[in-house]
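S.K.: have a look; sequence and predicted model below, questions after that.
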Amino acid sequence: MTRTDQDQWLTKHIPHRLSACLAELPLQSELFMLEVADNALRLKIRATCFERAVWEGRMVAMRWLIDFVGVAANRERKPRLPTRYSDADVSITDILGGHKIELSSPEAATLAKVWQGCSQASSHPTQDSNHPPVDPMTLDHALRIIVNHVQRTIYSGSPGKLVETLNWLGVANPIRPS
């Protein structure tokens, strides 16, 4: 790794993940807040940590959902079945009405690339991996594939149930009042 690459890791990659992990943990205050008297700067630090945590969490959640509907990527970024490590691993096929996305479909090809991108962007440190894009538009497209699939399969018996189950902050769903 070149000196420039090392500097990128020291100033960008490691601090990004560290601040994502610090969101709302006591160590955040210990490392940053004790010496910061300015409340506006404290709020900015908290917001930055939250934004980075959201970004990293989105990568993990997206990869989890893609695994759940039965898609992963091989070394050539083509769709393959996810590896199941134990009987405790859950798949969409474990739920009544669930079936995996057909691996030969264009949807599976899209999801395999996003799975690979999320893996390389967040699951493990990589260098010069040229991973597939994981920008908001790409993630939105992949998430639409997943939502449509689960609504057609495991939620098909209860239209609207998926949205209803999104328990917003532990209160009644604001979209469908109780």
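M.R.: On my side now, so go ahead.
S.K.: now for the worst-scoring helix or strand of the chain on mean pLDDT, which elements pack on it?
M.R.: One helix or strand of the chain scores below all others by mean pLDDT, DSSP states H and E: helix 161-164, with a mean of 72. Other helices and strands packing on helix 161-164, by 3 or more CB pairs under 8 Å, 6 or more residues apart in numbering; DSSP states H and E, are helix 136-152. Where C-beta positions appear, they are placed from N, C-alpha and C, glycine not excepted.
S.K.: for the helix it packs on, buried residues please.
M.R.: T138, L139, A142, L143, I145, I146, H149, V150, Q151 (16 or more other CB atoms under 10 Å).
S.K.: then stretch 114-127?
M.R.: In stretch 114-127, counting by 16+ other CB under 10 Å, buried: V114, W115, Q116, G117, C118, S119, Q120, A121, S122.
S.K.: could you identify the helix or strand that succeeds the longest helix seen in the chain?
M.R.: Determined from DSSP state H, the single longest helix within the chain is helix 39-68. For helix 39-68, the succeeding helix or strand toward the C-terminus, using DSSP states H and E, is strand 72-73.
S.K.: so what secondary structure elements neighbour that following strand?
M.R.: Using 3+ CB pairs under 8 Å, 6+ apart: strand 72-73 touches strand 79-80, helix 106-118.
S.K.: out of these, nearest to M1?
M.R.: Closest approach to M1 among those (CB to CB): helix 106-118, 21.7 Å.
S.K.: K100 and H13, how far apart?
M.R.: Taking CB to CB, to the nearest Å as the criterion, K100 is separated from H13 by 34 Å.
S.K.: so which of the two has more stuff around it?
M.R.: Between K100 and H13, counting by other CB atoms under 10 Å, K100 is the more crowded of the two (17 against 14).
S.K.: so, low pLDDT: which residues of the protein?
M.R.: Applying pLDDT under 70 to the chain flags residues 34, 124-129, 165-178.
S.K.: how about 90 then?
M.R.: 1-2, 5-46, 84-89, 119-136, 139, 147-148, 151, 154-178 (pLDDT under 90).
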